[in-house]
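Peer 1: predicted structure and sequence below. I'll ask about it afterward.
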Amino acid sequence: MVRARPVLTFLTAVLLAVPGITALSSAARAADADLAVNGGFESGLSGWSCTASSGTTVNSPVHGGGSALQANPAGSDNAQCAQTVTVQPGAQYTLSGYVRGSYVYLGASGTGTTDVSTWTQSAPDWQKLTTTFTTGASTTKVTIYTHGWYGTGAYYADDVSLVGPGASAGQPPAAPTGLKTGTITSSSVALSWSAVTGATSYAVYRDGAKVQTATGTSATVSGLSASTAYSFQVTAVNSAGESAKSAAVTATTTAGSSGGSGDLPTHALVGYLHSSFANGSGYTRVADVPDSWDVIDLAFGEPTSATSGDIRFNRCPVTECPNVESDADFKAAIKAKQAAGKKVLISIGGANGQVQLTTTAARDTFVSSVSNIIDTYGLDGLDIDFEGHSLSLDASDTDFKNPTTPVVVNLISALKTLKAKYGPKFVLSMAPETFFVQMGYQYYGTGKWGGQDPRCGAYLPVIYALRDDLTLLHVQDYNSGPIMGLDNQYHSMGGADFHIAMTDMLLTGFPVAGDAGNVFPPLRPDQIAIGMPASVNAGNGYVAPSEVTRTLDCLTKKTNCGSYTTHGTWPALRGLMTWSVNWDRYSNWEFQKNFDAYFG
């Protein structure tokens, strides 16, 4: 026992004699951190990407906190959920997580050395899985994942962590300069600034509070009050942090005019009512539309010819619609709906109603004929449902903020005239197809070198010019091909991700035709209703009520989001639009019932 003391003293002396060894060990331990983002799934699937929309979050069972991952392998999909993490080269990391289910795997790939995984054949209760790895000499990113096995049923994961040294901090960028205002409206202010070297994004501040982020050197702050002064600043951001704020600029919003949405409910259900024709869904009288429908679009007013501008609303004849009501009953039912707080609009266009206002004479005829319909039936406003070849852009028309194409310019002028005539309570809505709006992120008109479809993005100048007069925009998220979202991935109909990605573009704004200096600014959430088919009979792109609910969860709560990461959370989203009231009645009011259950 006496002989051991000198040995211990000698070892202690040797360790203390090696310069820096104790300090380095302490520094390494201090640098270790949990690098996994949202490892407890408390923020839905934020930070995670799951294959084939197989992942979701549940409140039971959970290992810790209030949520856990549930994923269901099916067919050739092993239900992998993964995230990519920034790491240091040549460093050791410990990956761990708690799992339940049969054949559950936890692993890491792209390590630069030997990729690792661990698994359990059967975990009827929560079981911890742990594995370690060392990154390669030049490895800066590693993908961590969990997955199940084909056809073995759902598995659960929770409290996933990756512990080890974080990436080198580096230096935040310099503060932006050159901040200035652009277009100012009653509800928005456009801003631009000079690029900052090393910045990966920018944060925009309004009156000292951060209100949005931008990847380019411009942004439009919306949702502002009319005739109000605001102060704006911008910071530059990279992986090391955020710069100091720029010098402030001030702007006062204009008085503007109302979009006619003040007396709509916070969350509104919009539906088209087949009023001039019948099809397989059958004719529905205005009086028989349930009270759940807040906006009823009478479909359709159509032109006498494509270029006349002369719009006629011919009600469905008795020979086609045996149960059609009389004109007197039709008008009385509209008044009853309005007395109950509902809005009834005339919808112009549709698939068969091509409207091309090629001349100022056609524009003026459009105004007078639409006014006549509104006055005859005592309607609350107008819905523009121009499809097909109604809107297309001349080859020389390349700036959506300053259009020159006659059919676009004349339509804008006509709608502004109608708005001015009927005043602030006039309800104006639009129902473009995705090709005319979100496709503008990639292409606009014929393009710089020609050869593109001139209709691509053709609604953008109309929406932009009328953004302060527009009550509702409900893009038709159906009968659509794949559309690229802000994640630069194509999204296709058939699931919540399509609706989430398309709506996120409208609420975030996007560069038109990839030009970061020409950004279509975001609309207010109270201006947006998501367009969906009411049933499988109504059009391509139908989704089940559960997918409608997932869409609303993601956009209004940022939960249940799936693979697409939104750029914000919008609890003030106005609601849903569907084609159509008739088709929903045919399907036992499935769409309406789901809306009522969600919003109460």
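Peer 2: Looks like it arrived, so ask away. Predicted, not measured: the structure shown is a model, and the values here were computed from it.

Peer 1: which stretches in the stretch 201-350 of the chain count as helices?
Peer 2: For the stretch 201-350 of the chain, the helices defined by DSSP state H, counting those that start in this stretch occupy 327-339.

Peer 1: can you pull out the strands in it?
Peer 2: Secondary structure of the stretch 201-350 of the chain (DSSP state E, counting those that start in this stretch): strands at 201-206, 209-214, 218-221, 229-238, 241-242, 249-252, 268-274, 295-303, 311-312, 343-350.

Peer 1: any chance of those strands in JSON lines, plus distance to residue 383 and mean pLDDT?
Peer 2: C-beta: built from backbone N, CA, C; applies to glycine. Shown next, in JSON lines, are these (distance: least, CB to CB, whole Å; pLDDT from 0 to 100):
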{"stretch": "strand 201-206", "distance to residue 383": "33", "mean pLDDT": "92"}
{"stretch": "strand 209-214", "distance to residue 383": "30", "mean pLDDT": "85"}
{"stretch": "strand 218-221", "distance to residue 383": "25", "mean pLDDT": "90"}
{"stretch": "strand 229-238", "distance to residue 383": "32", "mean pLDDT": "91"}
{"stretch": "strand 241-242", "distance to residue 383": "44", "mean pLDDT": "87"}
{"stretch": "strand 249-252", "distance to residue 383": "32", "mean pLDDT": "90"}
{"stretch": "strand 268-274", "distance to residue 383": "8", "mean pLDDT": "98"}
{"stretch": "strand 295-303", "distance to residue 383": "5", "mean pLDDT": "97"}
{"stretch": "strand 311-312", "distance to residue 383": "12", "mean pLDDT": "97"}
{"stretch": "strand 343-350", "distance to residue 383": "4", "mean pLDDT": "96"}
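
Peer 1: do you know which of those lies nearest residue 531?
Peer 2: Closest approach to residue 531 among the strands of the stretch 201-350 of the chain is made by strand 268-274 (8.4 Å; CB to CB).

Peer 1: orientation of that closest one relative to strand 295-303 in degrees?
Peer 2: The directions of strand 268-274 and strand 295-303 differ by 40 degrees, with axes from the mean of the first three to the mean of the last three CA atoms, to 10 degrees as the criterion.

Peer 1: so who does the residue nearest the centre of the chain touch?
Peer 2: What sits nearest the mean C-alpha location of the chain, by CA atoms, centre = their mean, is residue 504, with 1.5 Å. By CB atoms under 8 Å, 6 or more residues apart in numbering, the contact list for residue 504 reads 485-486, 555, 564, 566-568.

Peer 1: rewinding a little: for residue 541, which of the strands of the stretch 201-350 of the chain is the nearest?
Peer 2: Ranking the strands of the stretch 201-350 of the chain by proximity to residue 541 (CB to CB) places strand 268-274 first, at 15.2 Å.

Peer 1: partners of the closest one, with directions?
Peer 2: Neighbouring strands of strand 268-274 in its sheet, by DSSP bridges, are strand 295-303 (parallel), strand 575-579 (parallel).

Peer 1: what angle do that strand and strand 343-350 make?
Peer 2: If you take the same axes, to 10 degrees, strand 268-274 sits at 50 degrees to strand 343-350.

Peer 1: show me what contacts the nearest residue to residue 365 once chain neighbours are set aside?
Peer 2: Nearest residue to residue 365, sequence neighbours excluded (CB to CB, 6 or more residues apart in numbering): residue 309, at 3.8 Å. For residue 309, the contacting residues are 303, 355, 357, 359, 361-366, 369, by CB under 8 Å, 6+ apart.

Peer 1: residue 342 too?
Peer 2: Going by CB under 8 Å, 6+ apart, the list of residues near residue 342 reads 291, 293-296.

Peer 1: mind putting these in JSON lines, neighbour count and distance to residue 407 included?
Peer 2: Output for the contacts of residue 342, formatted as JSON lines (neighbours: other CB atoms under 10 Å; distance: CB to CB, whole Å):
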{"residue": "291", "neighbour count": "10", "distance to residue 407": "38"}
{"residue": "293", "neighbour count": "22", "distance to residue 407": "32"}
{"residue": "294", "neighbour count": "21", "distance to residue 407": "31"}
{"residue": "295", "neighbour count": "28", "distance to residue 407": "26"}
{"residue": "296", "neighbour count": "26", "distance to residue 407": "28"}
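
Peer 1: out of those, who's nearest residue 409?
Peer 2: After measuring those against residue 409 - CB to CB - the closest member comes out as residue 295, at 27.8 Å.

Peer 1: if I look at that closest one, how far off is residue 263?
Peer 2: As judged by CB to CB, to the nearest Å, residue 295 and residue 263 stand 11 Å apart.

Peer 1: in the stretch 51-200 of the chain, where is pLDDT below threshold?
Peer 2: The stretch 51-200 of the chain contains residues with pLDDT under 70 at 52-53, 75, 167-170.

Peer 1: now the helices for it?
Peer 2: With DSSP H, counting those that start in this stretch as the criterion, the stretch 51-200 of the chain has no helices.

Peer 1: just the strands in it please.
Peer 2: Taking DSSP E, counting those that start in this stretch as the test, the strands found in the stretch 51-200 of the chain are 55-58, 68-71, 81-86, 92-109, 116-134, 141-147, 155-165, 180-184, 189-192.

Peer 1: of those strands, flag the one that's most buried.
Peer 2: Highest mean neighbour count among the strands of the stretch 51-200 of the chain (mean count of other CB atoms under 10 Å): strand 68-71, with a mean of 25.

Peer 1: what's that strand in contact with?
Peer 2: Contact partners of strand 68-71, identified using CB under 8 Å, 6+ apart, comprise 40-41, 45, 48, 50, 54-58, 61-62, 79-81, 146-148, 154-158.

Peer 1: now it, how far from the centre of its chain.
Peer 2: Put simply, strand 68-71 sits 23 Å off its chain's centre (CA atoms, centre = their mean, to the nearest Å).

Peer 1: partner strands of it, with direction?
Peer 2: Sheet pairing of strand 68-71 (DSSP bridges) gives strand 55-58 (antiparallel), strand 155-165 (antiparallel).

Peer 1: same list, the ones you listed, but as JSON lines with distance to residue 444 please.
Peer 2: Below are these laid out as JSON lines (distance: least, CB to CB, whole Å):
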{"stretch": "strand 55-58", "distance to residue 444": "35"}
{"stretch": "strand 155-165", "distance to residue 444": "42"}
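
Peer 1: before we move on, back to that, could you dump the strands of the stretch 201-350 of the chain to CSV with distance to residue 536?
Peer 2: What follows is these, written out as CSV (distance: least, CB to CB, whole Å):
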stretch, distance to residue 536
strand 201-206, 41
strand 209-214, 38
strand 218-221, 38
strand 229-238, 45
strand 241-242, 48
strand 249-252, 49
strand 268-274, 17
strand 295-303, 20
strand 311-312, 32
strand 343-350, 20
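
Peer 1: compare those and give me the one nearest residue 515.
Peer 2: Shortest distance between residue 515 and the strands of the stretch 201-350 of the chain, using CB to CB, is found for strand 218-221: 10.5 Å.

Peer 1: so what's residue 316 up against?
Peer 2: 274-278, 283, 324.

Peer 1: ugh, typo on my part, it should be residue 264
Peer 2: Remark: with contacts taken as CB under 8 Å, 6+ apart, residue 264 is in contact with 294-295, 343, 471, 574.

Peer 1: where in the stretch 251-400 of the chain is pLDDT low?
Peer 2: Low-confidence segments of the stretch 251-400 of the chain, defined by pLDDT under 70: 255-262.
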